[in-house]
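> A structural model of the following input is requested.
(chains A and B)
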Amino acid sequence: EPEVTQTPSHQVTQMGQEVILRCVPISNHLYFYWYRQILGQKVEFLVSFYNNEISEKSEIFDDQFSVERPDGSNFTLKIRSTKLEDSAMYFCASRGGRFSGNTIYFGEGSWLTVV
Amino acid sequence: AQKVTQAQTEISVVEKEDVTLDCVYETRDTTYYLFWYKQPPSGELVFLIRRNSFDEQNEISGRYSWNFQKSTSSFNFTITASQVVDSAVYFCALSVLSGNTPLVFGKGTRLSVIA
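So this is what the prediction gives:
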């Protein structure tokens, strides 16, 4: 069964460092997302991406964050200068075309710990 | 704006008991999708079910069943004869069908099934 894959599964980084989280969405999907979940809290939307551009972003997704689809398969989230409060699980997700039923499939997440 | 409320923060049951997880949603859109996701202790988000706003038929899948009632804006999830492996956090989520709109999650209900 096709799945969303994420790397790394866990990363520890020092405050102020840049981090790139990588995702390979399901191959025929067109819509891509990043969500995050601070430990013990609910899953929060960060950004959605379609047709090579951001289609929507939340208040959390400030200038420190950026997304990119550098080739036909990868979808990355970059945090330019990490803060302690960026420590969270980051989920990549994807879904198919407009008429595919709107189910969003999630990867297994990347734990980011900022120290 | 959309909102999902899961009033039960934590539930504990003894194995083989039935348990119902409540979900109440708010949206002004007439076309929307409702979802349940399971997050086991390993952290990933596992898709369980999607229901669209035009389909109020209840659904049963093995020990799982879902009761969608538009009149009360609820989409409750029942696990019959619970098992220890059902222990997880369960999230209800809502997505409206207007462009690339993101999922809005509830805060989740932590279910502990005790042997």
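
> Could I get the full set of strands for chain B?
When secondary structure is read from DSSP state E, chain B shows strands at B:3-5, B:10-14, B:19-21, B:24-26, B:32-39, B:46-52, B:59-61, B:64-69, B:74-79, B:88-96, B:104-105, B:109-114.

> List the buried residues for the first one?
Of the residues in strand B:3-5, those scored as buried under the neighbour-count criterion (16 or more other C-beta atoms under 10 Å in any protein chain shown) are residue B:4. In short, each C-beta sits where N, CA and C put it, glycine included.

> ok, back up a step: what's the most buried one of the strands of chain B?
strand B:88-96 (a mean of 23; mean count of other C-beta atoms under 10 Å in any protein chain shown).

> Quick one: mean pLDDT over it.
In this model, strand B:88-96 carries a mean pLDDT of 94.

> what's the least confident stretch among the strands of chain B?
Ranked on mean pLDDT, the bottom entry among the strands of chain B is strand B:59-61, at a mean of 83.

> Please convert the strands of chain B to a markdown table, extending it with distance to chain A.
As requested, the strands of chain B are arranged in a markdown table below (distance: least, C-beta to the nearest C-beta, whole Å):
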| stretch | distance to chain A |
| --- | --- |
| strand B:3-5 | 9 |
| strand B:10-14 | 11 |
| strand B:19-21 | 14 |
| strand B:24-26 | 14 |
| strand B:32-39 | 5 |
| strand B:46-52 | 5 |
| strand B:59-61 | 14 |
| strand B:64-69 | 15 |
| strand B:74-79 | 15 |
| strand B:88-96 | 6 |
| strand B:104-105 | 4 |
| strand B:109-114 | 9 |
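
> quick one: which of the ones you listed is nearest residue A:107?
The closest approach between residue A:107 and any of the strands of chain B, judged by C-beta to C-beta, belongs to strand B:46-52 at 11.3 Å.

> angle of the closest one against strand B:32-39?
With axes from the mean of the first three to the mean of the last three C-alpha atoms, to 10 degrees as the basis, strand B:46-52 and strand B:32-39 are set at 170 degrees to each other.
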